[in-house]
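1. Need coordinates for the below:
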Amino acid sequence: MSGTLTKAEVSESFECCIPVNALHKDVMGERYYIYLVGERDGILGKERYVEMRYVKVVDVNDSYAALENGAVAKDEEIIVGSDKEVENNIVVRMAD
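-> Below you'll find the predicted structure:
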């Protein structure tokens, strides 16, 4: 006889979860970071730029990563994807 066994577990709930593809590892592979969109005064007025922030990952699965409480504020925008290379401090535009 053969059969299929499925196990389901209820995990802890977390305050701050982000998509896994928004999470990056540094060159040494020891620390995680994310890219956020910040706003600053530029030559032509307000401009949006990339801000890199190191974060502590509490838990991770195939889809989401749970971050330490307070790592990201509710009103902050996380960069999940881009059609160009993203790096700290470059000016960015939101795609339509």
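
2. Give me the neighbour count for residue 80.
-> Using other CB atoms under 10 Å, the number of residues around residue 80 comes to 13. All C-beta atoms are positioned from the backbone trio N, CA, C, and that covers glycine.

3. sorry, that was for residue 24
-> By other CB under 10 Å, 14 other residues sit near residue 24.

4. And the pLDDT at it?
-> For residue 24, the model assigns a pLDDT of 94.

5. partners of it in the sheet?
-> residue 33 (DSSP bridges).

6. Isn't it up against residue 50?
-> No - if you go by CB atoms under 8 Å, residue 24 and residue 50 don't touch, sitting 11.8 Å apart.

7. so what's in contact with these two at the same time?
-> Applying CB atoms under 8 Å, 6 or more residues apart in numbering, one finds that residue 24 and residue 50 are jointly contacted by residue 35.

8. how far away is residue 17 from residue 46?
-> 29 Å (CB to CB, to the nearest Å).

9. between these two, who's got more neighbours?
-> More crowded of residue 17 and residue 46, by other CB under 10 Å: residue 17, with 17 against 8.

10. If you drop the residues flanking it in sequence, what lies closest to that one?
-> Of all residues not flanking residue 17 in the chain, residue 64 sits nearest, at 4.7 Å (CB to CB, 6 or more residues apart in numbering).

11. Tell me who's in contact with that neighbour.
-> The neighbours of residue 64, taking CB under 8 Å, 6+ apart as the test, are 17, 18, 19, 20.

12. what do you get for residue 77?
-> Shown in contact with residue 77 (CB under 8 Å, 6+ apart): 36, 37.

13. repeat for residue 19
-> 63, 64, 65, 80.
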